[in-house]
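K.L.:
only geometry, no sequence info:
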């Protein structure tokens, strides 16, 4: 494995350095731990600050100062000058750099054994000669040396380093030349970014202040714009009005419902009440209150059976109950309605459900019957038609029909994403498809997003242990200070984790796994759920497992699922692709 510490973006480096970095990236497959610092500053004897190219810390503790040149420097003895770089001796420059590195590390603690070499990646040289083009061979690292890195390392260091790297020596190296790379520094950076996200969302709540005179809001927002948090804030504001109001907060999936219930329970609402319900939970409750309970399909039922129940049988029964005033009296009443992921709530009935003209509006007809002022009630509906899943009929959600169902709706559009770091935003854009282009375009330009770690892609090879790979990611993120395992949300393509590559595991990295749909909060656990149950959720860190590589995705459903999964991550993302 290899740990990179970059002090400038790779594209800002010269081609020779980039070529060296490309060769060193092969160490990612090494069973040993390597640390590479690319770009650093040291002070010479006069105190002048100078720039170096690479510092490489090996698994046995040796540190190599590697200065990169585009071509092999030549020396003409009659003039004493060297070609390029103003005629200065590049090996004298390397020696100055080497001494500066030693001084810098010793100022922080004990330095490891340090060697130096001049790297010319565009040249190959025989490994067993004393001199090459007038230069001592042991001073050089050439292109073919980079291809056989371990042999080259042993040639340079010999028996001078044998033991595992000393943690205190590594810390001294990082304190001297790896600014920001210590675990506590990385954690502080990640935590500060989380605070930035929170402040940005909170500042956007001023939009709700500006719209406070509008009784009904239809708010459109793309992925990562904070629809859920705006919806929650608006629900609390409605609950606090007057002597207190009863607000129905509707969601679509169980995981988000469970999370919002926990959040609402922690909020201090001085007066009023916010009642969080999933749509299917609500419909089942309405049936039971009317004395007509209905049994849901058993786990493992055929997909068509489940779909028929939730799209036809359950909505049809609720609609039939709504026609009986005496049964409708058993239903709860609310003062205001808030709906998150509104695009997943049908605005028309299934073709197999007989409805009257006065019952148009699909599920929303039922929602309004629960409101004391029906279509005149306060409401906030948050939606993005592009995020309606491909397996749900697109023609059963129409924003125009939704708007017409209310007496005085105001239309609002949230500004593009503020929930992601720039590297994740770029990762999403680099993996677009026709099925996700609209959602990715809604992410905006990304000009002012914070920095953060790059997304990781791991391939699960045949015979490899998926659990071991996921645990290695969790352990590395924790050791490097990026996040704790409890900060991670694991997403799998399969509804049941037992059918995913992780199998029927209940513990990972020493932590219990907890399904996000579970109502009871369990501190200290690692959360997991299926991709479609995770809709509306987000997490500091996400590991996606069980989907094929993006280039192998075929259907719109697969592309939609992939994007829904990776876009749950705010800062850290690891995609474990099926082989």
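P.N.:
Looks like it arrived, so ask away. Values in this document were obtained by computation on a predicted structure and should not be read as measured data.

K.L.:
going forward, measure contacts between C-alpha atoms and count neighbours the same way
P.N.:
Will do.

K.L.:
which intervals of the protein have sub-threshold pLDDT?
P.N.:
Per-residue confidence for the chain (pLDDT under 70) gives these ranges: 11-12, 74-88, 417, 579.

K.L.:
Quick one: residues contacting residue 28.
P.N.:
Residues near residue 28 by C-alpha atoms under 8 Å, 6 or more residues apart in numbering: 1, 2.

K.L.:
now with 10 Å?
P.N.:
1, 2, 3, 4, 34 (C-alpha atoms under 10 Å, 6 or more residues apart in numbering).

K.L.:
give me the number of residues near the closest residue to the fourth one other than its chain neighbours?
P.N.:
So the one you mean is residue 4. Spatial nearest neighbour of residue 4, excluding adjacent residues (C-alpha to C-alpha, 6 or more residues apart in numbering): residue 36 at 5.1 Å. Counted with other C-alpha atoms under 10 Å, residues neighbouring residue 36 total 21.

K.L.:
Next, find the distance separating residue 36 from residue 64.
P.N.:
10 Å (C-alpha to C-alpha, to the nearest Å).

K.L.:
And residue 385, by the same measure?
P.N.:
Taken as C-alpha to C-alpha, the span from residue 385 to residue 64 is 55 Å.

K.L.:
and these two? which has more neighbours close in?
P.N.:
More neighbours surround residue 64 than the other of residue 385 and residue 64, with 22 against 19 (other C-alpha under 10 Å).

K.L.:
my guess is the more buried one is in a strand, correct?
P.N.:
Yes - Residue 64 sits within a strand when classified using DSSP: H, G, I helix; E, B strand; the rest coil.

K.L.:
I'd guessed residue 136 sits against residue 127; true?
P.N.:
No - the pair residue 136 / residue 127 is not scored as a contact, 11.2 Å apart, by C-alpha atoms under 10 Å.

K.L.:
of those two, who's got more company?
P.N.:
Using other C-alpha under 10 Å, the more surrounded residue of residue 136 and residue 127 is residue 127, with 18 against 11.

K.L.:
Angles on the backbone of that one, please.
P.N.:
phi -80, psi -20 (degrees, to the nearest 10).

K.L.:
thought it was touching residue 146?
P.N.:
No - counting by C-alpha under 10 Å, residue 127 sits too far from residue 146 to count as a contact (11.6 Å).

K.L.:
Name the residues contacting each of these two.
P.N.:
What both residue 127 and residue 146 touch, as defined by C-alpha under 10 Å, 6+ apart, is the set residue 152.

K.L.:
what's the offset of the helix ranked longest in the chain from the middle of its chain?
P.N.:
In the chain, taking DSSP state H as the definition, the longest helix is helix 183-204. Centroid displacement of helix 183-204 relative to its chain, using C-alpha atoms, centre = their mean, to the nearest Å, is 14 Å.

K.L.:
That helix - contacts with which helices or strands?
P.N.:
helix 227-240, helix 466-479, strand 539-547, strand 569-578 (3 or more C-alpha pairs under 10 Å, 6 or more residues apart in numbering; DSSP states H and E).

K.L.:
domain parsing for the protein?
P.N.:
2-179, 214-413, 422-578 (automatic domain parsing).

K.L.:
Mind checking these for the one nearest to residue 207?
P.N.:
Nearest to residue 207 among the domains of the chain is domain 214-413 (9.3 Å), distances taken as C-alpha to C-alpha.

K.L.:
Between the two ends of the closest one, what distance do you get?
P.N.:
Across domain 214-413, first to last residue, C-alpha to C-alpha, it's 14 Å.

K.L.:
Pull the distance from stretch 278-292 to the chain's centre.
P.N.:
Distance of stretch 278-292 from its chain centroid, counting by C-alpha atoms, centre = their mean, is 36 Å.

K.L.:
Mind listing what's buried along it?
P.N.:
Under the neighbour-count criterion of 16 or more other C-alpha atoms under 10 Å, stretch 278-292 has 278, 279, 280, 281, 282, 283, 284, 285, 286, 287, 289, 290 buried.
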